[in-house]
Every structure is written in C-alpha cells, then in structure tokens.
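*Asks:* For reference, the sequence and a predicted model appear below.
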Amino acid sequence: MTKICTRCLLKDFSQEQYEVIIVNGLSSLPEEDLTDKSESERRLDICRHCGKLNQGTCMACGCFVEIRASLKKGRCPYEKW
Ligand code: SF4
C-alpha cells in the first residue's frame, strides 16, 4: 500500500497542480504585497515540519501555505512564523 505524505507543499506534487493553484494565484497579487523569496522559504521550511500541513494546506486555517507564506501580511495561526 502506498503511503501518502501529508507534510508536502504543492510544489512537491505535479507541476500542473502547482502552476494552476500557486503560480497563478501569486501572479494575480500586487508585487508590493509579497515577501522576498528568502522569507517565504524560511516560513515554508517551518510549515514542512508542522503537523498541521496536509497536501499544501494548513489544517489550522484552511489556506494554501505557499500563498500565505508569500504575503507580507501572512501569519501562521499558531505563530510559528
Ligand atoms: S501556517 Fe503554521 S500551523 Fe499552518 S502549516 Fe504552517 S506552520 Fe503549521
């Protein structure tokens, strides 16, 4: 039986899935609302090791973490970042 990893980001799934949800979503937002890449990666490293991450979604708030972590105003509901 194949074990499905529940602690993955969408970019760890198919490129098509990632492009549709994350890349298109982020490209529709104003540039000035987005963090720099190093900050979003720092946040996502924390999400990767969090028990609330389930297939790119935070089970605490229901958001796609790759979008939330890229927003300057984005916050972790558990204040991990
Ligand atoms: S946003 Fe916070 S609670 Fe949600 S998966 Fe990331 S670290 Fe965990």
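*Replies:* Perfect, I can see it now.
*Asks:* Check for me that Gly51 belongs to a strand.
*Replies:* No - looking at Gly51 with DSSP: H, G, I helix; E, B strand; the rest coil, it is coil, so not inside a strand.
*Asks:* Which residue, other than its chain neighbours, is closest to it?
*Replies:* In space, and not counting its chain neighbours, Gly51 is closest to Arg7: 7.7 Å by C-beta to C-beta, 6 or more residues apart in numbering. (C-beta placed from N, C-alpha, C; glycine too.)
*Asks:* And the one you found, what's its pLDDT?
*Replies:* Here the pLDDT value assigned to Arg7 is 72.
*Asks:* Tell me the secondary structure of it, please.
*Replies:* Quick answer, by three-state DSSP: Arg7 is coil.
*Asks:* what about Arg48, distance to Cys58?
*Replies:* Here Arg48 is placed at a distance of 12 Å from Cys58 (C-beta to C-beta, to the nearest Å).
*Asks:* which of these two has more neighbours?
*Replies:* A direct count of neighbours by other C-beta atoms under 10 Å for Arg48 and Cys58 places Cys58 higher, at 19 against 13.
*Asks:* For the more buried one, give the beta-bridge partners.
*Replies:* Beta-bridge pairing of Cys58 under DSSP bridges involves Leu53.
*Asks:* let's number from 43 now, not from 1
*Replies:* Happy to do that; since the first residue is 43 now, the last one works out to Cys100.
*Asks:* contacting residues around it?
*Replies:* Applying C-beta atoms under 8 Å, 6 or more residues apart in numbering, one finds that Cys100 lies in contact with 89, 92, 94, 106-107, 110, 118-119.
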